[in-house]
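> show me the folded form of this:
(2 chains)
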Amino acid sequence: MAAPSEELQDKQPTWNTSIPRNGEEDEPEVEEDDRHEEEEEEDDEEEDEPQTPESKLRSDGEKMAKLANRLRSEPVTLRVHDVIIKGNTKTKDSVIEAEIIDELKRASTLQEIFQAAGIGTVRLRQLDIFDSVSFMVDAGPKELPGTANVLVEIVETKNPLTGEIGMYTKPGARSWSLEGALKLKNLFGYADIWDGSVSYGWDQTTEVSAGVSLPRLSRLLTPVFARASLLSQDWLKLSSYKEQALGIALGLLSTKNHELVYNMTWRTLTDPSQMAGMSVRRQLGHSLLSSLKYTFKVDQRDSPLRPTRGYAFSFTTLLAGLNPDTRSARFLRQECDVRFAFPLGFYRAALNLGISGGVIFPCGRGYLDRPSSIPDRFFMGGNTSLVCSLAGPSSLLGFQSRGLGPTEPRRQTRDTSDSDSVTASERDALGGDLAVSAFADLSFDLPLRVFQEAGIHGHVFACAGNLVKLTGNEWQTFSPKNFLQSFRSTVGCGVIVPTKLFRMEVNYCHIVKQFEHDHGKTGVQFSFSTPL
Amino acid sequence: MEQLREGGKLILVTTKPCFGLPTACPNCLPVFFYLKFARLPFDLYFHSTFPDSDQIPYVESGSYVAYNNEKGGVIECLKEDGIVNLDSDFNTIPEWISLKAMVSSALADALMHELWIASDRKCAQTIYHSDLPWPIGPILYLKQARAAKQQLGITKENANRKEAEIYKKADLAYAALSTRLGEDSFLFGDRPSSLDALFLGHVLITLQALPDTSVLKSKLLNYNNLVKYTEKLSAELVGDVSAWSSGSPAVSSSTNPSSSTSKPAGFSNWCSKPKTKPKKERTEEEKKFRRRAKYFLAAQFISVLVFLSLFGGSDTADVEFEEEDDGIDYNE
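Down below sits the predicted model:
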């Protein structure tokens, strides 16, 4: 509400509050009083003309005080007659109106107009194409008493091209990635934002993407986006394949809690090392993924970075195989995450509990004995923050990326004992069709005030996870008891350092339980994530 | 052979079966015949989602894999790794070496030309892309056709000359092989070698996969002894044509030569002369026609442009600019 009140301090709006919305006279008494008031104000104004600046300032202050009292005590009936937009040389009027008109039309009192103006200010600023947004309420035409005109002044951003760069750890990724992005704002005046980004991971993952987002498209009420991307991921050391994905994504629905995205991706798996095991060899080649992904997310925690109270959950459903061509990949993938945070009342301590699960079902002809696609399976491991991320059962502190689950021996050649393969695993990580992970995390402030003021805090955690294969007839030998007994687990403690550029975790992890061919390591680990 | 004993059964991974053959890929079929000649029991696995891979065909047994892009090919890998070697008596014979080089170069280039450049795309797409969804299949076809042209050095300017050269070399190769074969059962001696496997694979694909208008096919049909040699061996080794139906991911291949129950379609039914191929005779006329068509279209386009520039723009006076109206009138 700051903008309207600031503008009201600069100007003296005059309004007639007597005429209700439908033109019927419901409050004649108020009308006469108000007319007298207005006449008094006008008389005052006429009398004020020859006044000194000090006395003018005093009378203005008195009027503002009177106005504020009136606003506090009773609703001031007023409706919006006209909305005037100024300052938009490039942006289309329809784009600005779409963000503010509905609220202003519904307003029937001055208080509601102020509220609508505040909401409109926030929405226009969220478009990210204006340097400043201000609302002013002015008197309507004299022949229409009880109306007001709303003047919207915007200042379009002078430099439509912006850039940003950052370093992050993504869920499921092996290591950190450096990301740079360029944004071109409002190119065609529809609040369209064009962006291009390049991301390079230390594990030789590269992604080049370009996209456009629109706040509104035709009659759709939510923002839409279209994005084309070329992703190259190198999993040679862990799973003996490289993945290249050329895809188009269309964001169809995007609200606070719901998101619906359509993806069409041409994926190619290759094995330049020629060391892959049989399961990976069978899946090398080209595939087309046409899928619809729906995400329902609710986060009622007090903070996404250091939650101390509240709950959050996320359900993601991915249905692949939407095109009529039966040769494209067909499966259903379901993920869910649940988080709870409980305050403990000392040293700003909080107990965070979470559980994540995921399952994949192939569909189509021969689904019972056909294995699922390896890149679509669940992989567990890596150092992503357990508390912050809601990205499915992907992270298990203490284990390397793709460091647990089903594996398969690689190809054996006469040269496999060479020194080149010292750092490479001799088995391919194949992932699982069913994955479950859980954690408990106790976070607390550190004793020193310096740390507390900087937001640096400590935590103690315990986490467990497991994943198994179900497809390719493996479901016939699945046993819930064996699944529970084969959970891997880790305990540890660490320090979290939030900075403006990234959020860093330094953890000491102790592996409690792991199996043969897992890659868990007791020791100190680092992770970086977005600062949000 | 020790690796095979440890690993278990041998599996040959190829492209999918079609045209009545276990595989119609020129790289894969010779390996099939090589293993058949060696009388090694093996299974077939069809990998049809990676047509542009240079690793396929490959032979695997447990953790042992022999890729086609290593050590000169799968057959050479099998020889070097001690799995099977049919060429121990032949690889010192100069004529054997030169005929093998001829089959591997001249005939291989000719077949590549026929599959990717000379014939319509249906043949190559059936062999390589029929299991890939749209638009991956068509895009990969274009990519592989372009790669074939680059490998053969064919451009728009030299297409006809290169084509004639390729057919001439192929004809010479057929003549040499026909002379070498005579009335014998195999090309050298009384037992097969990798040369027989390579040549048999080439001939079967040429006769069964290529369309009847193929020039290469017509040239091959001129050599009756080669056709008979192919017919006899394919009846023994390929067996029942209906067994090679697409969609079966793995087929077990028996080494019993009597397992075949019916002969494949007889090659002797085919006429040695190709059906009329007007394409080559009309090339010059087509070029002339296309050139004139281009001039005609260009003239039309220029005349439209001239018309628009001279007589266009008369509607601008009718456009009325409305004054900018910032507000919205909510008169009710």
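
> whatever helix or strand A:Val460 lives in pairs with which strands, parallel or anti?
Using DSSP states H and E, A:Val460 sits in strand A:457-468. Here strand A:457-468 is paired, per DSSP bridges, with strand A:434-445 (antiparallel), strand A:488-498 (antiparallel).

> may I see those arranged in a markdown table, with mean neighbour count and distance to B:Val203 as well?
(Each C-beta comes from the backbone N, C-alpha and C, glycine too.) As requested, these are exported to a markdown table (neighbours: other CB atoms under 10 Å in any protein chain shown; distance: least, CB to CB, whole Å):
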| stretch | mean neighbour count | distance to B:Val203 |
| --- | --- | --- |
| strand A:434-445 | 20 | 51 |
| strand A:488-498 | 19 | 57 |
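
> quick one: contacts for B:Cys123?
By CB atoms under 8 Å, 6 or more residues apart in numbering or on different chains, the contact list for B:Cys123 reads B:115, B:209-211.

> secondary structure element for it?
helix B:121-128.

> what about the strands in the stretch 1-150 of chain B?
Assigned by DSSP state E, counting those that start in this stretch, the stretch 1-150 of chain B shows strands spanning B:10-14, B:42-46, B:58-61, B:64-67.

> quick one: which of those strands is nearest A:Leu67?
Nearest to A:Leu67, of all the strands of the stretch 1-150 of chain B, is strand B:42-46, at 82.6 Å by CB to CB.

> the closest one packs against which elements?
Judged by 3 or more CB pairs under 8 Å, 6 or more residues apart in numbering or on different chains; DSSP states H and E, the packing partners of strand B:42-46 are strand B:10-14, strand B:250-253.

> just give me the lowest mean pLDDT stretch among those strands.
Ranked by mean pLDDT, those bottom out at strand B:250-253, with a mean of 47.

> where exactly do the helices run in the stretch 1-150 of chain B?
With DSSP state H, counting those that start in this stretch, the ranges of helices along the stretch 1-150 of chain B come out as B:2-7, B:29-38, B:74-80, B:94-102, B:108-113, B:121-128, B:136-152.

> quick one: the ones you listed as CSV, columns for distance to A:Leu184 too.
Output for those, formatted as CSV (distance: least, CB to CB, whole Å):
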stretch, distance to A:Leu184
helix B:2-7, 57
helix B:29-38, 54
helix B:74-80, 52
helix B:94-102, 58
helix B:108-113, 46
helix B:121-128, 40
helix B:136-152, 30
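
> quick check: which of those is buried the most?
Ranked by mean neighbour count, the helices of the stretch 1-150 of chain B are led by helix B:29-38 with a mean of 25 (mean count of other CB atoms under 10 Å in any protein chain shown).

> distance from that one to the middle of the chain?
Centroid separation between helix B:29-38 and its chain, computed with CA atoms, centre = their mean, to the nearest Å, is 18 Å.

> could I have it exported to CSV, CA atoms only?
This file holds the C-alpha atoms of helix B:29-38, laid out as CSV (Å, rounded to 0.1, in the frame of the first residue of the first chain):
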residue,chain,number,x,y,z
LEU,B,29,25.0,-60.1,-42.5
PRO,B,30,28.6,-61.1,-43.2
VAL,B,31,29.3,-61.6,-39.5
PHE,B,32,26.2,-63.8,-39.3
PHE,B,33,27.5,-66.0,-42.2
TYR,B,34,31.0,-66.1,-40.7
LEU,B,35,29.6,-67.5,-37.5
LYS,B,36,27.5,-69.9,-39.5
PHE,B,37,30.4,-71.1,-41.5
ALA,B,38,32.4,-71.6,-38.3
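
> quick one, it and strand B:42-46 angle?
Between helix B:29-38 and strand B:42-46, the angle comes out at 170 degrees (axes from the mean of the first three to the mean of the last three CA atoms, to 10 degrees).

> packing partners of helix B:29-38?
Where contact means 3+ CB pairs under 8 Å, 6+ apart, helix B:29-38 is packed against strand B:10-14, helix B:74-80, helix B:194-208, helix B:224-237, strand B:250-253.

> can I get the strands of the stretch 1-150 of chain B in a markdown table with mean neighbour count?
Formatted as a markdown table, those follow (neighbours: other CB atoms under 10 Å in any protein chain shown):
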| stretch | mean neighbour count |
| --- | --- |
| strand B:10-14 | 23 |
| strand B:42-46 | 20 |
| strand B:58-61 | 22 |
| strand B:64-67 | 24 |
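
> for the closest residue to A:Phe378 other than its chain neighbours, give me the pLDDT.
Closest residue to A:Phe378 in three dimensions, ignoring its sequence neighbours and counting by CB to CB, 6 or more residues apart in numbering or on different chains: A:Ala435, at 3.7 Å. With respect to pLDDT, A:Ala435 scores 95.

> A:Ala435 touches A:Gly358, doesn't it?
Yes: contact between A:Ala435 and A:Gly358 holds when scored by CB atoms under 8 Å: they sit 4.9 Å apart.

> longest strand anywhere in chain A?
Counting residues, the longest strand found in chain A (DSSP state E) is strand A:285-299.

> is it positioned near chain B?
Yes: contact of strand A:285-299 with chain B (CB under 8 Å from any CB of the partner chain) involves A:285-288.

> among the residues you listed, which one sits closest to chain B?
A:Gly285 (3.2 Å; CB to the nearest CB).

> neighbours around residue 291, how many?
Chain wasn't specified; assuming chain A. 24 (other CB atoms under 10 Å in any protein chain shown).

> I was thinking of chain B, sorry if that wasn't clear
B:Arg291, neighbours per other CB under 10 Å, totals 10.
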